[in-house]
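Participant: sequence and computational prediction follow.
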Amino acid sequence: MIKGNFCKTYGEATARDRAELIYSHYSSFLGIIEDCKARLIYEIKAEKEYCRSHHKDDLGVRVQTSIGTSDTTGDEAILNVTLAEQLDSDKLPNLKGIDLEAQEQFRARHRVIVMMRDEYTAFDKHLYSLSADEQKIIFPVLKHTKDYYQIAQEENITVETVRKRVSRTHKNIIEHFGEIFIERLQGGM
C-alpha cells in the first residue's frame, strides 16, 4: 500500500501511473476506493460539525436555526446514508454550510474517487478481453493467489516463460490504459 493519501496520489498521477497503481493494487483496489470514500465522508461530516459549532453571534451564543426538538442520532444517520449514496453515484455531495475552499477540496476528491471507480471498472473489463491463456496467468498474479512457480507447474511451462508472459501482458495493459485514460483531471487536486 502507498504511504500517505492514496486519493491524492491517484489524482495527481499521469494516466500511465494510474494504470500502474490499479495493476499494483488490483486485488485490493475496490477496498482502497471504499477507504477513500469513507475518509471523505468522515472529513465532510467533521467540517460540517466544525462550521456548525462555530456559527455563533458576537456574544458567543449559538443562534438557534430551527424550532422544535431535534433528533441528532437520526440526523447523523440520514447524513451518513445521504453522503454515501451521493458518493456512490456521480452526484456531488451536498456541502451546504461548509466554506468554499473546503467545498472545492471535497469536490476535487469526489471527482478522483469517481475516476478511480470508472478506471478500475474499465481495467477489470479489459482483463476479461484477454485470451484465455493470458487470463490463466495474469489473474492469479494480480490477485496474489499464486506465485510464478505454482503457475508454471500448473501450466507445464518454465518459471521464466511465466515471467515473460506476465511481463508482456503487464506492458500491454499499461500501454493500453496509458492511451485511453484521461491524462489529468481538470481542476485536479
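Facilitator: Perfect, I can see it now.
Participant: which residue lies nearest the spatial centre of this protein?
Facilitator: I33 (3.1 Å; Cα atoms, centre = their mean).
Participant: surely that residue touches V114?
Facilitator: No - using Cβ atoms under 8 Å, I33 is not in contact with V114, being 9.7 Å away. (Glycine included, C-beta is placed from N, CA and C.)
Participant: so which helix or strand takes in the residue nearest to the centre of the chain?
Facilitator: helix 29-53 (DSSP states H and E).
Participant: quick one: mean pLDDT over that helix.
Facilitator: Averaging pLDDT along helix 29-53 yields 88.
Participant: return the set of buried residues in it.
Facilitator: Of all the residues in helix 29-53, those buried under the rule 16 or more other Cβ atoms under 10 Å are F29, I32, I33, C36, K37, L40, I41, I44, E47, K48.
Participant: closest one to K143 out of those, please.
Facilitator: Here the nearest of the buried residues of helix 29-53 to K143, counting by Cβ to Cβ, is F29; it sits at 11.0 Å.
Participant: what's the first helix or strand after the helix or strand of the chain with the lowest mean pLDDT?
Facilitator: Using mean pLDDT, DSSP states H and E, the weakest-scoring helix or strand in the chain turns out to be helix 72-88, at a mean of 67. Helices and strands here follow DSSP H and E; after helix 72-88, the next one along the chain is helix 100-127.
Participant: just give me how far whichever helix or strand comes after that following helix sits from the chain centre.
Facilitator: Scanning forward in sequence from helix 100-127 by DSSP H and E, the next helix or strand is helix 132-143. Put simply, helix 132-143 sits 23 Å off its chain's centre (Cα atoms, centre = their mean, to the nearest Å).
Participant: in the next helix or strand after helix 132-143, which residues are buried?
Facilitator: Going down the chain from helix 132-143, the next helix or strand is helix 148-155, by DSSP H and E. Residues Y148, I151, A152 are the ones in helix 148-155 that count as buried (16+ other Cβ under 10 Å).
Participant: try stretch 130-147
Facilitator: L130, E134, I137, I138, F139, P140, V141, L142, K146.
Participant: what residues does it touch?
Facilitator: If you take Cβ atoms under 8 Å, 6 or more residues apart in numbering as the criterion, stretch 130-147 is touched by 23, 26-27, 127-128, 148, 150-151, 154-155, 162, 165-166, 169-170.
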